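Chemist: Turn this into a structure:
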Amino acid sequence: MAFDARAAKLLQPGEYLLIGDCPGLRLTASEERRSWAYRYKSPVDGKMRQVQIGRWPVMSPPAAMIAWEALRSRRDAGEDPALAKKQAKAAVVTKKKEDAYTVRRLCDDYLAGHVDVHRGESSRKEMRRLMSKHLDAIADRSAQSITRSDAFDLLESMASTPVSAQTLRGELGAAWDYALDAGRLPDSVPNWWRLVMRGRLKSKGKSRGGVKIGTIKRVLSQTEIGTLLRWMPKLTPLISDALTLYLWTAVRGVEIMAMEKEEIQEERDGWWWTIPKRKTKNARHENATDLRVPLVGKALAIVHRRMSLYDGYLFPAPTKLGHTKQQVIGTSVARRMSYNTVQVERNLEK
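Modeler: Numbering: from 1, shown residues only. Below you'll find the predicted structure:
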């Protein structure tokens, strides 16, 4: 191979020196360096391409010729060396992006972009608690690397709490759908959370006194309602008023505790409690309306009495919400049940 080192040194930026015995091999010049390159017609799409080989004088002419022969052989075999190099770099970049998009980031995106926008405060807190508690094993892994067995193992480890497992399964399925829709995961990534353990995460019902009582729900009989009403005077005014409103209005405890004076109005056909849509369970539904509840009998008497005592919330409390939480009522009633072991233990300690 004839090579003129003096001519190579005199090359100006943008100029090149052809190597006659090696078709396509050239020495190109820039402001900073001189580099060996192989220019050829791509066998893939017929376009002219150029691939860098090395720098001169670090790479000697004989070494450049050896590298050129290898590239030319690949080209003659139908490969496009420059295109292959470009695709390899793109694959590395894609791999880094895939590795960077972890399960933790995917869940954070879902919580911020969907849950925080469309859910209430209690639901937002519960979703964060659930994911924070159960995802440690896979949180820092690439979301794309999660396999069917990974999803199965996680849900299987929660078999003792099937309701929580079922909730987490649904939320992770929604999170993966959210990432796929947003283009943060390739379309080829399967959403295993929608497929594994389907129909197998079923609650066995709550336990009462150490005995499973099943999942069947029932209503109080007339006799039981009578017993409850006779039992009311033993309760505090707060609990008694709340339980009475449960019975007389059939409204959820969350809405009863958040009742406000301005929501109570006397109309031509009697007294009405108008619960704003934003306070109801249907708040997320576009076509839902305010909930209208008639107030009669003991329910009306309780509301009038509390309206005379309080402005704003009728069940006020020094909490962040400004009113008593529904859990306070449920817990207070549960502690008075005969099957409540905590209450029994407390009585034995007295």
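
Chemist: From one end of stretch 263-275 to the other, what's the distance?
Modeler: Counting by Cα to Cα, to the nearest Å, you get 7 Å between the two ends of stretch 263-275.

Chemist: Name the surrounding residues that touch it.
Modeler: Identification of contacts with stretch 263-275 by Cβ atoms under 8 Å, 6 or more residues apart in numbering yields 249, 251, 255, 259, 276, 290-296, 300, 303, 307. C-beta: built from backbone N, CA, C; applies to glycine.

Chemist: Among these, name the ones in helices.
Modeler: The members of the contacts of stretch 263-275 that map onto helices under DSSP state H are Thr249, Glu255, Leu300, Val303, Met307.

Chemist: Confirm for me that the first one is in contact with Arg292.
Modeler: No. Contact criterion Cβ atoms under 8 Å: Thr249 and Arg292 do not qualify, at 11.0 Å.

Chemist: And the contacts of stretch 263-275, which of them are buried?
Modeler: Among these, the ones that count as buried by 16 or more other Cβ atoms under 10 Å are Thr249, Val251, Glu255, Met259, Leu291, Val293, Leu295, Leu300, Val303.

Chemist: how about the residue nearest to Leu106 when sequence neighbours are not counted, what does it touch?
Modeler: In space, not counting the residues next to it along the chain, Leu106 is nearest to Ala143; the distance is 4.6 Å by Cβ to Cβ, 6 or more residues apart in numbering. Ala143 sits next to Tyr101, Thr102, Val103, Arg105, Leu106, Trp176, Ala179, Leu185, Val189 when contact means Cβ under 8 Å, 6+ apart.

Chemist: and with 7 Å instead?
Modeler: Listed by Cβ atoms under 7 Å, 6 or more residues apart in numbering, the contact partners of Ala143 are Tyr101, Thr102, Val103, Leu106, Ala179, Leu185.

Chemist: In a markdown table: the residues you listed, plus pLDDT.
Modeler: As requested, the contacts of Ala143 are arranged in a markdown table below (pLDDT from 0 to 100):
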| residue | pLDDT |
| --- | --- |
| Tyr101 | 89 |
| Thr102 | 92 |
| Val103 | 94 |
| Leu106 | 95 |
| Ala179 | 95 |
| Leu185 | 91 |
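
Chemist: Could you check the pLDDT of the closest residue to Asp187 other than its chain neighbours?
Modeler: Once flanking residues are discounted, Asp187 sits nearest to Leu180: 6.8 Å by Cβ to Cβ, 6+ apart. Per-residue confidence (pLDDT) for Leu180: 95.

Chemist: re the thing from before, what's the spacing between the residue nearest to Leu106 and Arg128?
Modeler: In this structure, Ala143 and Arg128 are 18 Å apart, going by Cβ to Cβ, to the nearest Å.

Chemist: pretty sure Ala299 is in contact with Thr249, am I right?
Modeler: Yes. The pair formed by Ala299 and Thr249 meets the contact definition of Cβ atoms under 7 Å, at 5.6 Å.

Chemist: Touching both of these two, which residues are there?
Modeler: With contacts defined as Cβ under 7 Å, 6+ apart, no residue is shared by Ala299 and Thr249.

Chemist: burial of Asp181, as a residue count?
Modeler: By the measure other Cβ atoms under 10 Å, the count of residues near Asp181 is 9.

Chemist: Please apply the same query to Met131.
Modeler: 22.

Chemist: Now for it, which secondary structure element holds it?
Modeler: Mapping Met131 onto the secondary structure by DSSP states H and E places it in helix 121-134.

Chemist: do Leu155 as well
Modeler: Element membership for Leu155 (DSSP H and E) is helix 148-156.

Chemist: and that helix, what does it pack onto?
Modeler: Applying 3 or more Cβ pairs under 7 Å, 6 or more residues apart in numbering; DSSP states H and E, we find helix 148-156 packed against no helix or strand.

Chemist: Leu18 and Ala112, how far apart?
Modeler: Distance, Leu18 to Ala112, by Cβ to Cβ: 58 Å.

Chemist: now swap in Met197 and tell me
Modeler: Looking at Met197 against Ala112, where the rule is Cβ to Cβ, the gap reads 27 Å.

Chemist: Tell me which of the two has more neighbours.
Modeler: Residue environment comparison for Met197 versus Ala112 gives the larger neighbour count to Met197, 19 against 10, counting by other Cβ under 10 Å.

Chemist: Could you tell me the per-residue confidence at the more buried one?
Modeler: Reading off the model, Met197 has pLDDT 86.
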